[in-house]
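Peer 1: Fold the following, please.
(2 chains, ligands or ions: 2)
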Amino acid sequence: MEDKAAAGKRSMRALLTKLFVFPVLMFGFGYLMVPLYDIFCDLTGLNGKTGAISSAQASQMQVDTSRQIKIEFTSSINQQGNWEFRPAEPTMLVHPGKPYTTEFIAVNKRNEAVISQSVPSVTPNKAAAHFDKTECFCFTEQKFDALEERKMPVTFVVGTAVPKDVDRITLSYTLFTKEPG
Amino acid sequence: MNAQAVDHADHDDHHHGPAKGWMRWLTTTNHKDIGTLYLWFSLAMFFVGGAMALVIRAELFQPGLQLVAPGFFNQMTTMHALVMIFLALMPAFVGLANWLLPMMIGAPDMALPRMNNWSFWILPFASAMLLATLFVDGGAPAGGWTMYPPLVLQTGAAFPMLIFAVHLLGISSIMGSINIIATIMNMRAPGMTYMKMPLFVWTWFITAYLLIATMPVLAGAVTMLLTDKYFATSFFSAAGGGDPVMFQHIFWFFGHPEVYILILPAFGIVSQIIPTFARKPLFGYSSMVYATASIAFLSFIVWAHHMFTVGLPVEAELFFMFATMLIAVPTGVKVFNWVSTMWQGAMTFETPMLFAIGFVIMFTIGGFSGLMLALTPVDFQYHDTYFVVAHFHYVLVPGAIFSVMAAAYYWIPKWTGNMYDEKLGRFHFWMSTIFVNILFFPQHFVGLAGMPRRIPDYAVQFADFNAISTIGAFGFGLSQLLFAYIMIKTAIGGKKATSEVWEGAEGLEWTLSSPPPYHSFSTQPIIK
Ligand code: HEM
Ligand SMILES: [Cu+2]
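Peer 2: Ligands and ions are numbered 1, 2, ... in the order given. Next up is the predicted model:
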């Protein structure tokens, strides 16, 4: 009789341990979803996440002169006012496998220095995984002096494996004001 | 549910009865006392949330802005949802679990009585914190109960209070769930195998697992919001490399199972009540158990049906569409079983049965509108319109809330030893049913015609249906005063109930006296 009660107590303790540990693990799982989604988006090109490769890798690519793809550039500003932000040229024709450089122009219209961060996105999603930037003003925060105007370069290459039916890719940037610099 | 329980326990001199005075309620570890506390608390919050709903409906009575400022209107929609979900409905179900589970499985009390006390008493403090946001700088949260960033990050001083209230409510329900699981697994009477458990026990067993799996994820999501706002993390801030859509994924990973947390115990209640008044055993007991388990499992893989319009790839849209529609299968099994139970039964229509039948019919209407919303292409039109509002109110009001009321009428004679007033109960049912349909049915039409949700003003062509809806809302709200009156009256006194209460009722709780002794089964019954 005593033994049975003791055994019952022990199994209860084991159950409770499991029941308390489980929610703690699930709390961690909530956080784990953040990197999991990132990996998922990287693998699938979802969410317009672009890749980054070194310029050495890019220059080794075979240029596919048989295809021409139109790249469209768009820009938007996350917080209203105080900025001017636009692509230097609206579109560009490119061959897969060949690196190209273009510029975006940003003007800080405030009377004080400010730090910006631009976030890129590429559509269609199936092209995003093949769109690689070797150099980009979006890789780091950009500091602007009061009323400064600046041209910011981006160098990119469209991979030769980009699906055949893609003849047009849009690269968009959203400019965020991080904080007064 | 009242002092009757005290008297009775005092007669039992080999048992210690409850402490005297108000300290009894603060320090109690008794499952019946705690169940009672949960239920009264829930009823009070039902009226708080209801008052907020009436502010919303009063403003929407006519197009244009009449009564409240738009900002306050948004606070009302947000707070109404949070109060109804976390402070009214969930505590009601936990209260029912506390009262009923030990009696149904032949146990003397819950497995962890002291933790039970904590689970309850956290609740008033969390609620006070949440409700206090109405009085702080910037007002209550107004970005919707779903707390989407970046909008929610604009909340003023209420923001950290909202987050901590959610944390506390989460802790309370996780502790409550752990207690429920431990009770069911370890305290069943000898011979009560899992497949002999009453369905209310089964559905709560599964609900408790859903709770401990998803409440921590919600806690994580709101903690990320908190650190995004105050500690410069950027989980959801695009400028820092995060993504606001990520919040929606995490939130709905909690949110969809949460809606089943709000309905599975209701399924259990209805499955207890219908056989009693149809005087037939439940049709398809084991299929009910498996259907409940499959619904719980599927609820984890359908969350993105709340996000069809965020720009998912077409493969994901298809997956979530089909997975969502798959849930209709086990749900249909349940509805089929309830109807088959009633089929050729010797039915009578006492108040609990009326509410249960009302549940089956009106919950099914909500299920059908859910199926329409599950169709990705049409959801692009319906999303964030009053059609969604109509959908979830059908499943939650004449669904979940009706089940709680059915349960209250069904078991209150057991809890208090007094019969409620049957005539008034039926009157309450008919008033509620008529008005709830006047309230929510027209919302389908304005939703299909494009009226957006969570907006204090609307185009004039929606005026007639909105006026009707508001009339229904006030009618429904007033009818609930009747419910409170009936419950209080029964708690105080009334015609004495027998132990069995209902002629066709089966289950261990009916073998106890009405009201039951302070400690339910001190010697466990043997189930054959
Ligand atoms: C047959 C089963 C069901 C299906 C197929 C279904 C489907 C859906 C879909 C697709 C939506 C998203 C609509 C949109 O925002 O565009 C939705 C919203 C919702 N459903 Fe259901 N549903 C079902 C049952 C339930 C049940 C049982 C409950 C709760 C008891 C529920 C509560 C909700 C709530 C609260 C929302 C709105 C959440 C919000 O945006 O605030 N649903 N449902
Ligand atoms: Cu859902």
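Peer 1: Can you tell me, leaving aside adjacent residues, what's nearest to A:Leu43?
Peer 2: Spatial nearest neighbour of A:Leu43, chain neighbours left out: A:Ala129 (7.9 Å); criterion: CB to CB, 6 or more residues apart in numbering or on different chains. (Each C-beta comes from the backbone N, C-alpha and C, glycine too.)
Peer 1: What separation do you get for the residue of the stretch 201-350 of chain B found nearest chain A and B:Leu512?
Peer 2: Closest residue of the stretch 201-350 of chain B to chain A, CB to the nearest CB: B:Gly220 (2.7 Å). Here B:Gly220 is placed at a distance of 42 Å from B:Leu512 (CB to CB, to the nearest Å).
Peer 1: What residues does chain A have near chain B?
Peer 2: Neighbours of chain B within chain A, by CB under 8 Å from any CB of the partner chain: A:8, A:11-12, A:15-16, A:19-20, A:22-24, A:26-31, A:33-34, A:37, A:44, A:46-47, A:78, A:117, A:119, A:125, A:174, A:176-178.
Peer 1: So which of these are in strands?
Peer 2: In strands, judged by DSSP state E, the following of the residues of chain A next to chain B are found: A:117, A:119, A:174, A:176-178.
Peer 1: which residues of the stretch 51-200 of chain B fall in strands?
Peer 2: Counting by DSSP state E, counting those that start in this stretch, one finds no strands in the stretch 51-200 of chain B.
Peer 1: Run through the residues of it sitting next to chain A.
Peer 2: With the criterion set to CB under 8 Å from any CB, the stretch 51-200 of chain B comes near chain A through B:111-112, B:174, B:178, B:181-182, B:185-186.
Peer 1: Quick check: the two most widely separated of these?
Peer 2: Spatial extent of those (CB to CB) is set by the pair B:Ile174 and B:Asn186 at 18.2 Å.
Peer 1: more neighbours, the two?
Peer 2: Using other CB atoms under 10 Å in any protein chain shown as the criterion, B:Ile174 and B:Asn186 rank with B:Ile174 on top: 26 against 15.
Peer 1: Show me what the host helix or strand of B:Phe319 is packed against.
Peer 2: Following DSSP states H and E, one finds B:Phe319 within helix B:314-342. With contacts taken as 3 or more CB pairs under 8 Å, 6 or more residues apart in numbering or on different chains; DSSP states H and E, helix B:314-342 sits against helix B:264-278, helix B:285-298, helix B:351-374, helix B:376-382.
Peer 1: Mean pLDDT for those helices - can I get that in TSV?
Peer 2: Listed next are these as TSV, based on pLDDT from 0 to 100:
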stretch	mean pLDDT
helix B:264-278	96
helix B:285-298	95
helix B:351-374	96
helix B:376-382	95
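Peer 1: Determine which of those approaches A:Asn108 most closely.
Peer 2: Closest among those, using CB to CB: helix B:376-382, at 38.6 Å.
Peer 1: Check what contacts whichever helix or strand comes after the closest one and list those residues.
Peer 2: Sequence order places helix B:386-395 as the next helix or strand after helix B:376-382, per DSSP H and E. The contact list for helix B:386-395, computed with CB atoms under 8 Å, 6 or more residues apart in numbering or on different chains, reads B:259, B:263, B:362-363, B:365-367, B:369-370, B:372-373, B:382, B:439-441, B:443-444, B:446-448, B:451-453.
Peer 1: Does the strand or helix carrying B:Met431 reach ligand 1?
Peer 2: In this structure, B:Met431 is located in helix B:422-448 according to DSSP H and E. No - figure legend: helix B:422-448 not in contact with ligand 1 (CB under 6 Å from any ligand atom); closest approach 10.0 Å.
Peer 1: helices or strands next to that helix in the packing?
Peer 2: helix B:351-374, helix B:386-395, helix B:402-416, helix B:463-492.
Peer 1: on that earlier part again, output the helices and strands packed on helix B:314-342 as JSON lines; include the columns mean neighbour count.
Peer 2: Shown next, in JSON lines, are these (neighbours: other CB atoms under 10 Å in any protein chain shown):
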{"stretch": "helix B:264-278", "mean neighbour count": "27"}
{"stretch": "helix B:285-298", "mean neighbour count": "18"}
{"stretch": "helix B:351-374", "mean neighbour count": "21"}
{"stretch": "helix B:376-382", "mean neighbour count": "16"}
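Peer 1: closest to B:Thr29 out of the ones you listed?
Peer 2: When the helices and strands packed on helix B:314-342 are compared by CB to CB, helix B:264-278 sits nearest B:Thr29, at 22.7 Å.
Peer 1: ok, that closest one near ligand 1 or not?
Peer 2: No - judged by CB under 6 Å from any ligand atom, helix B:264-278 stays clear of ligand 1, getting no closer than 7.7 Å.
Peer 1: Could I get the pLDDT score of residue 75?
Peer 2: All of this refers to chain A. Looking at A:Ser75, its pLDDT is 90.
Peer 1: hm, I was asking about chain B
Peer 2: At B:Gln75, pLDDT is 96.
Peer 1: Verify the stated contact: it with B:Val136.
Peer 2: No - using CB atoms under 8 Å, B:Gln75 makes no contact with B:Val136, being 11.1 Å away.
Peer 1: Give me the more crowded residue out of the two.
Peer 2: Taking other CB under 10 Å, B:Gln75 and B:Val136 do not tie; B:Gln75 has more neighbours (24 against 14).
Peer 1: buried residues in the helix holding B:Met431?
Peer 2: Going by neighbour count (16 or more other CB atoms under 10 Å in any protein chain shown), the buried part of helix B:422-448 is B:424-426, B:428-429, B:431-433, B:435-448.
Peer 1: Taking chain A, what residue is nearest to chain B?
Peer 2: Closest point on chain A to chain B, by CB to the nearest CB, is A:Gly30, at 2.7 Å.
Peer 1: so that residue makes contact with B:Phe247?
Peer 2: No - taking contacts as CB under 8 Å, A:Gly30 lies outside contact range of B:Phe247: 10.9 Å.
Peer 1: Give me the common contacts of these two.
Peer 2: Shared contacts of A:Gly30 and B:Phe247 (CB under 8 Å, 6+ apart): B:221, B:224.
Peer 1: Next, A:Phe144: phi, psi?
Peer 2: With angles defined as degrees, to the nearest 10, A:Phe144 sits at phi -120, psi 130.
Peer 1: what residues are up against it?
Peer 2: A:106, A:108, A:113-116, A:150, A:181.
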